[in-house]
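Trainee: Structure, please.
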Amino acid sequence: MDSITCPACNDGGEHMRMRNVLLALAAATGLAATSLSMSMAAAPTPQPGSLDKYDITGTYVSGLSSGGYMANQLHVAYSGLFQGAGIFSAGAYDCAQNSVNTALYACMDTFQKRKTPAELEQLTRSRAAAGTVDPPQNLSGDPVWLFHGSADDTVDRAVNDDLATYYRDFGARVVYNNTTAAGHAWISPIGPNSCGSTSSPYVNKCGTTDPVKEMLGHLFGQVNAAASTLTGKLVQFDQSRHVPGGNPASVSMGREGFAYVPQACETGPCKLMVTLHGCYQYYGLVGNALMDKGYLNEYADTNNMIVLYPQATTMTGNPRGCWDWWGYQSAQYPLKTGPQMTAVVNMVKAMAGGGQPTSTTAPTTTTTQPLPECVTASNYAHTTAGRAYAAAGLTYAMGSSQSLGLWNTYTTSSIRQTSPNYWVKC
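Mentor: Numbers count the residues shown, from 1 in each chain. As a prediction, this is how the structure comes out:
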């Protein structure tokens, strides 16, 4: 979540930080707004199209702020799919615990107590045991690159430190850049903002440093010099084809998404980088700013890398167009079943598999299977039948761990089985 600056607040750091947090809370609940200028950058002209299949050799994820939290959620929940992560200014997995207050006061600033990395690691193991996220053992050995600017007062340094600890405890190979005097932003050699800025479009330049090269070099092992001229295409696709239910607005995602595809990737093997914008940084507000000035496309051209730019947008409870890392849209936000998580993974899967040999056999006729029927019963009956389990007086669906309410014979719920021992709410 990106900060709301207070130019008149210059009477002391702690007072200004508290003022910023209070303003951020107002904005998060729809009580405040900020006027931001539109940035129309000279990115490649978007070409309407769809997400074609390519020969994807590895999938990675990166993001800033809310996009950084989302990048971590994707890496953790789908650790069997994503092979590494690059994160600008975010905290550990599910720090927010489905609470906007916790998100603001514990996971951006540190006025409230937050769960320790060890507690969040155990939560991850428990969810993996229930099948709602992939086994965290997959994170061992994964390259992870983290960045926090010393002038970043939006997400506290201690919160970023927790993310580094979380990853290291699971055996990831972590590189943590926390010495650059940057504000809360994506840092790029061609960023339009000054290094210490925290303002739209949240892409800063910090002298001759190139954190994007650092990130990609750590993730890939080595990286070729960036291209001076772009030769690929920027595809604009309809995100509704990949969103559960087909309505992006219902899950706070925009109608359009984008993918930068270098010429080499049209016919040869390439890596895939999923890049997630921060709050106030979505296409409908800042145009091509991140896609043009983030300096990823330049490296994509010379390193056989496709860049996927999914887009969030605003909705009730999310006036700043953030990715869901505190539960504004769904309590399942950090799980494999989270609507936004599912949508992004559907995009990744739509692009994978292009390098597999074409079958010479006749195509197999397939039919769409109907959804399993819903089972409506008391929560007590669900648990005795093995469809749910009880903990601390509450009932949770088996497998998905979705909350069904109080555990008794009076509270009823409707659930369906989508795979063996995996039940979800209807």
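
Trainee: gap between the most centrally placed residue in the chain and Trp325?
Mentor: With distances taken as Cα atoms, centre = their mean, Met70 lies nearest the centre of the chain, 2.1 Å away. Going from Met70 to Trp325 by Cβ to Cβ, to the nearest Å gives 6 Å. Every residue, glycine included, has its C-beta placed from N, CA and C.

Trainee: Next, the contact list for the residue nearest to the centre of the chain, please.
Mentor: The contact partners of Met70, by Cβ atoms under 8 Å, 6 or more residues apart in numbering, come to 63, 276, 323-325, 340-341, 344.

Trainee: redo that, cut-off 7 Å
Mentor: 63, 276, 323, 325 (Cβ atoms under 7 Å, 6 or more residues apart in numbering).

Trainee: what about the first one, helix or strand, and which?
Mentor: According to DSSP states H and E, Gly63 maps onto strand 56-64.

Trainee: ok, how many other residues are close to Gly393?
Mentor: Look at Gly393: counted by other Cβ atoms under 10 Å, it has 8 neighbours.

Trainee: That one and Trp407 touch, don't they?
Mentor: Yes. If you go by Cβ atoms under 7 Å, Gly393 and Trp407 touch, sitting 5.7 Å apart.

Trainee: OK, contacts around Val159?
Mentor: Contacts of Val159 (Cβ under 7 Å, 6+ apart): 91, 95, 107, 110.

Trainee: which among those residues end up buried?
Mentor: For the contacts of Val159, a burial check counting by 16 or more other Cβ atoms under 10 Å picks out 91, 95, 107, 110.

Trainee: Adding secondary structure and pLDDT, write these out as CSV.
Mentor: Conversion of the buried ones among the contacts of Val159 to CSV gives the following (DSSP: H, G, I helix; E, B strand; the rest coil; pLDDT from 0 to 100):
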residue, secondary structure, pLDDT
Gly91, coil, 98
Cys95, coil, 98
Cys107, coil, 98
Thr110, coil, 96
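
Trainee: between those residues, which is nearest Ala77?
Mentor: Distance ranking of the buried ones among the contacts of Val159 against Ala77, using Cβ to Cβ, places Cys95 first at 14.6 Å.

Trainee: Hmm, Arg114 and the closest one touching each other?
Mentor: Yes. Counting by Cβ under 7 Å, Cys95 touches Arg114, with 5.8 Å between them.

Trainee: Quick check: neighbours shared by those two?
Mentor: In contact with both Cys95 and Arg114: 106-107, using Cβ under 7 Å, 6+ apart.

Trainee: quick revisit: help me confirm that the residue nearest to the centre of the chain is found in a strand?
Mentor: No. Membership of Met70 in a strand is not supported by DSSP: H, G, I helix; E, B strand; the rest coil, which gives helix.

Trainee: Now it. Nearest residue, chain neighbours left out?
Mentor: Trp323 (3.8 Å; Cβ to Cβ, 6 or more residues apart in numbering).

Trainee: Please apply the same query to Gln332.
Mentor: Nearest one to Gln332, counting by Cβ to Cβ, 6+ apart, is Gly338 at 4.6 Å.

Trainee: surely that neighbour meets Ala331?
Mentor: No. Taking contacts as Cβ under 7 Å, Gly338 lies outside contact range of Ala331: 8.9 Å.

Trainee: Neighbour count: the two, which is higher?
Mentor: Gly338 (26 against 12).

Trainee: still on that earlier bit, dump the contacts of Met70 to JSON lines, plus secondary structure.
Mentor: Listed next are the contacts of Met70 as JSON lines, based on three-state DSSP:
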{"residue": "Gly63", "secondary structure": "strand"}
{"residue": "Leu276", "secondary structure": "strand"}
{"residue": "Trp323", "secondary structure": "coil"}
{"residue": "Trp325", "secondary structure": "coil"}
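
Trainee: ok, the residues you listed vs Val286, which is closest?
Mentor: Of these, the one sitting nearest to Val286 (Cβ to Cβ) turns out to be Leu276, at 14.1 Å.

Trainee: wait, that closest one sits on Tyr309?
Mentor: No. At 8.1 Å, Leu276 and Tyr309 do not qualify as touching, with contact defined as Cβ under 7 Å.

Trainee: The closest residue to Ser65 other than its chain neighbours and Gly254, how far apart?
Mentor: Nearest non-adjacent residue to Ser65, counting by Cβ to Cβ, 6+ apart: Gly278, 3.6 Å away. In this view, Gly278 and Gly254 are 14 Å apart by Cβ to Cβ.

Trainee: One more: Gly196?
Mentor: 30 Å.

Trainee: where in the stretch 201-350 of the chain is pLDDT low?
Mentor: Scanning the stretch 201-350 of the chain for pLDDT under 70 picks out no residues.

Trainee: Show me where it has its helices.
Mentor: For the stretch 201-350 of the chain, the helices defined by DSSP state H, counting those that start in this stretch occupy 211-220, 283-286, 289-293, 296-302, 339-351.

Trainee: most tightly surrounded among those helices?
Mentor: Sort the helices of the stretch 201-350 of the chain by mean neighbour count, taking mean count of other Cβ atoms under 10 Å, and helix 289-293 sits at the top with a mean of 25.

Trainee: Does it pack against any helices or strands, and if so which?
Mentor: strand 203-204 (3 or more Cβ pairs under 7 Å, 6 or more residues apart in numbering; DSSP states H and E).

Trainee: Please repeat the previous calculation with a cut-off of 10 Å.
Mentor: If you count contacts as 3 or more Cβ pairs under 10 Å, 6 or more residues apart in numbering; DSSP states H and E, helix 289-293 packs onto strand 186-187, strand 203-204, strand 256-261, strand 270-276, helix 283-286, strand 305-309.

Trainee: Surely Tyr260 and Tyr295 touch.
Mentor: No. Counting by Cβ atoms under 10 Å, Tyr260 does not reach Tyr295; the two are 11.6 Å apart.

Trainee: Please identify which of the two sits among more neighbours.
Mentor: Higher neighbour count among Tyr260 and Tyr295: Tyr260, with 26 against 23, using other Cβ under 10 Å.

Trainee: and Tyr176, that's in a helix?
Mentor: No. With three-state DSSP as the criterion, Tyr176 is assigned strand and is not in a helix.

Trainee: Starting from Thr154, give me the distance back to it.
Mentor: 18 Å.

Trainee: Kindly report the same for Met108.
Mentor: From Met108 to Thr154 the distance is 6 Å (Cβ to Cβ).

Trainee: more crowded one of those two?
Mentor: Using other Cβ under 10 Å, the more surrounded residue of Met108 and Thr154 is Met108, with 29 against 25.

Trainee: can you pull the pLDDT of that one?
Mentor: As predicted, Met108 sits at a pLDDT of 98.

Trainee: what sits in contact with each of Leu276 and Tyr309?
Mentor: Leu290 (Cβ atoms under 10 Å, 6 or more residues apart in numbering).
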